[in-house]
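Chemist: need a structure here:
(one chain, ligands or ions: 2)
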Amino acid sequence: MNQPLVLGIETSCDETAVGIVKGRTLLANVISSSVEEHARFGGVVPEIASRAHLESIHSVLTRALSEAKVSLTDIDAFGVTAGPGLIGALLVGVSSASGLSLALDKPLYGVNHLSAHLAVDALNSEHKLNPAIGLLVSGGHSSILKVSHFASDVIVIGSTLDDAAGEAFDKIARILKLDFPGGPAIDRIAKDGDALAIDFPRGLTNDADHRYDFSFSGLKTAVSRYLQKIPQAKVADVAASFQEAVVDVLLAKALSAAKSEGIETLIIAGGVAANSRLREVAAQRCGEAGIELRIPPMALCTDNGAMVAALTSLAVSSGAPASSLGLAAESSSGLDRVFWP
Ligand code: KG4
Ligand code: ZN
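Modeler: Numbering: from 1, shown residues only. Ligands and ions are numbered 1, 2, ... in the order given. Predicted structure coming up:
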């Protein structure tokens with residue numbers, strides 16, 4: 001089917017989101033976040049997230065339909081994040097999407113969250129659907145993906161051995177007594193600091209077995225030790241030097257993957273893609289390396305339903321088989337599949 005009207009549901013973490021696309025055109029992107037309910041715990045509490053999804057899914061769905069000016073009966077196919085994510089949270093989306101698909105007799109596609117993060121790039125119709133390297137950096141993921149085809153061939157070539165990049169920002173912010181979520185707080189204060197003040201370690205840089213993998217635990221320890229040794233250290237300098245280490249290692253590995261795979265496009269997505277220093281250094285290094293840099297607009301970088309709808313739309317157009325109605329959510333799936341059977 002050409003130009004299918006697709007509704008995508010995302011509930012894998014703390015955002016309840018519904019997006020609607022027609023082909024590669026975005027019609028609606030509605031998000032309700034429970035982030036404030038988790039703030040006092042310093043991280044996402046799964047049970048609170050699941051309850052928040054249940055409370056807001058209906059109104060988010062209704063708002064998306066009204067924003068897109070379509071009715072449920074117009075929808076050609078439903079997409080939903082089936083994994084990875086928090087199991088109780090995923091189940092709210094999967095159950096809702098299965099119910100809609102059954103009631104309206106329209107196909108259901110269970111999609112991989114990581115793949116969807118990158119497929120959102122297809123909503124910029126000027127972008128050719130060509131191969132790309134994806135750098136996915138958020139509170140839950142730090143992965144390098146090789147995308148040969150958004151809807152059928154995405155493989156993870158690197159991931160984090162411990163914390164995700166956003167998690168590292170959040171933990172360091174806590175050590176520095178800054179606000180949660182820590183990424184924006186570090187980004188802000190780092191502007192007043194010297195990124196070269198402290199030479200923090202770049203994890204797994206010269207490890208041939210982990211060329212594209214990340215590890216941020218050594219960096220976290222290094223920052224803690226530094227602060228124990230020099231408690232009067234300027235917070236802005238520590239924040240800027242920490243941020244520089246993260247940005248450096250993320251981009252060094254992503255660009256090295258692009259180079260060895262002979263791929264000329266880098267897509268950066270996930271909440272950490274908001275980081276101003278990451279954007280600045282990415283633009284500079286991609287320019288030097290002759291790599292085309294794509295960073296989706298911020299509302300499409302963090303968790304959203306439009307990315308699920310975008311990936312589902314590509315699947316429908318390419319004739320991929322729909323999932324069965326017994327579609328199960330899977331909390332810890334990697335990227336061995338883009339769609340669930
Ligand atoms: O994609 P996202 O909104 O949610 C998931 O993790 O699924 O990403 C949230 C993460 C948080 O860890 C937050 O600290 C980080 O993205 N983040 C940032 C910035 N804005 C958000 N990290 C660094 N710099 C930022 N400006
Ligand atoms: Zn995500």
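Chemist: For ligand 1, give me its nearest residue in the stretch 201-341 of the chain.
Modeler: The nearest approach of the stretch 201-341 of the chain to ligand 1 comes at residue 271, 2.1 Å away (Cβ to the nearest ligand atom). In this view, the C-beta of every residue, glycine as well, is placed from N, C-alpha and C.
Chemist: wait, isn't that residue in contact with residue 166?
Modeler: Yes. Using Cβ atoms under 8 Å, residue 271 is in contact with residue 166, at 5.3 Å.
Chemist: shared neighbours, the two?
Modeler: 137-139, 181, 183 (Cβ atoms under 8 Å, 6 or more residues apart in numbering).
Chemist: Next to ligand 1, which bits of the protein? Give me the list.
Modeler: With Cβ under 6 Å from any ligand atom as the criterion, the chain meets ligand 1 at residues 13, 138-140, 166-167, 169-170, 181-184, 187, 270-272, 274-275, 302-303.
Chemist: Just those: which are in strands?
Modeler: Within these, no residue falls in strands by DSSP state E.
Chemist: Now, those that are in helices?
Modeler: Residues of the residues of the chain next to ligand 1 located in helices (DSSP state H): 166-167, 169-170, 182-184, 187.
Chemist: hmm, who's touching the lowest-mean-pLDDT helix or strand in the chain?
Modeler: The weakest-scoring helix or strand in the chain, judged by mean pLDDT, DSSP states H and E, is helix 35-39 (a mean of 83). Helix 35-39 has contacts (Cβ under 8 Å, 6+ apart) with 14-15, 44-45, 48-49, 52, 180-181.
Chemist: now the strands for the stretch 151-300 of the chain?
Modeler: Per DSSP state E, counting those that start in this stretch, the stretch 151-300 of the chain carries strands over the ranges 153-159, 265-269, 292-294.
Chemist: if we can go back for a sec, the residue of the stretch 201-341 of the chain closest to ligand 1: neighbour count?
Modeler: Applying other Cβ atoms under 10 Å, we find 22 residues neighbouring residue 271.
Chemist: Give me the neighbour count for the residue lying closest to residue 168 once chain neighbours are set aside.
Modeler: Among residues not flanking residue 168 along the chain, residue 216 sits closest, at 3.9 Å (Cβ to Cβ, 6 or more residues apart in numbering). Per other Cβ under 10 Å, the neighbour tally for residue 216 reads 26.
Chemist: correct me, but residue 185 touches residue 175?
Modeler: No. Between residue 185 and residue 175 there is no contact under Cβ under 8 Å: 11.8 Å.
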